[in-house]
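> got a predicted model here, sequence first, then my questions.
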Amino acid sequence: MGTVEPVPSPVILSGSDGRDETAAERLDRNTIELLNELRVAGTGIQIMFAFLLIVPFNVGWRHVSSFGRTAYVVTLLCVAIASVLLIAPSVHHRILFRHGQKEYVIRTANRLAILAAVFLAAGFTGILILIFDVVSNGVGTVVIGVATAVGIAAVWFGLPLMQLLVHKGDGPETATVEKR
């Protein structure tokens, strides 16, 4: 009988988060976490996009000011771009499936999701500006727009960036998502 080659054992990574997992297990976990996050954002974008697509077909649309029409077009473009950016990781995954590119897919999807969030924030702001402009005839529209943009920027981007600054140097878990 021939000799039996020993199967190499996977390298176990012990991260600062207390997990003992192989590099492949970590990539699999990161993929699942990312997909769950994209699902949440995707649902929000679907609702926003549906709302924006029906707006011009409403009877009252012809009474919208040129400012409102401009806000609508910019908002629609922002939400469309966010949609494209959030769908891209699925397309990348399908094209690169079983080609050993999972780390690339995760790293790229992470960046695209953050960029999509920027456009989604602009879309949320635009929708509120558009609605407030129509409902209140422009009174306070700028205030609502600025408050919305600042609020979203603070909650979505400011809080996690502050966390990174406060815990800078605590270890690889606080440095980048890719190393989680």
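Structure received.

> phi, psi for Gly140 please.
Here is the backbone geometry of Gly140 (degrees, to the nearest 10): phi 80, psi 10.

> now do the contacts for the closest residue to it other than its chain neighbours.
Counting by C-beta to C-beta, 6 or more residues apart in numbering, Phe132 is the residue found nearest to Gly140 once chain neighbours are left out, at 6.8 Å. In short, each C-beta sits where N, CA and C put it, glycine included. Each residue near Phe132 by C-beta atoms under 8 Å, 6 or more residues apart in numbering is listed here: Gly140, Thr141, Ile144, Gly145.

> list the buried residues of the helix or strand hosting Phe132.
According to DSSP states H and E, Phe132 maps onto helix 102-136. Of all the residues in helix 102-136, those buried under the rule 16 or more other C-beta atoms under 10 Å are 102, 105-106, 108-110, 112-113, 116-134.

> now intersect the contacts of Phe132 with the helices, please.
Within the contacts of Phe132, residues falling in helices by DSSP state H are Thr141, Ile144, Gly145.

> just among these, which is most surrounded?
The most crowded member of the ones in helices among the contacts of Phe132, judged by other C-beta atoms under 10 Å, is Thr141 (21 neighbours).

> name the spans of the chain whose pLDDT lies under the cut-off.
Applying pLDDT under 70 to the chain flags residues 1-18, 171-180.

> how about the strands in it?
12-14, 20-22 (DSSP state E).

> doesn't Ile81 make contact with Phe49?
No - using C-beta atoms under 8 Å, Phe49 is not in contact with Ile81; the gap is 11.2 Å.

> show me where the chain has its helices.
Ranges of helices in the chain, per DSSP H, are 23-54, 66-96, 102-136, 141-152, 159-166, 172-175.

> and the longest one, how far out from the chain's middle?
This points to helix 102-136. Distance of helix 102-136 from the chain centroid (C-alpha atoms, centre = their mean, to the nearest Å) equals 7 Å.

> one more: the first one?
Going by C-alpha atoms, centre = their mean, the spacing between the C-alpha centre of helix 23-54 and its chain's C-alpha centre is 7 Å.

> that helix versus helix 66-96: what angle between them?
Inter-element angle recorded for helix 23-54 and helix 66-96: 150 degrees (by axes from the mean of the first three to the mean of the last three C-alpha atoms, to 10 degrees).

> ok, now the fourth one?
In this structure, helix 141-152 runs at an angle of 30 degrees to helix 66-96, with the same axes, to 10 degrees as the basis.

> show me which positions of helix 141-152 end up buried.
Thr141, Ile144, Gly145, Thr148, Ala149, Ile152.

> for it, packing partners?
Helix 141-152 is packed against helix 102-136, with contacts defined by 3 or more C-beta pairs under 8 Å, 6 or more residues apart in numbering; DSSP states H and E.
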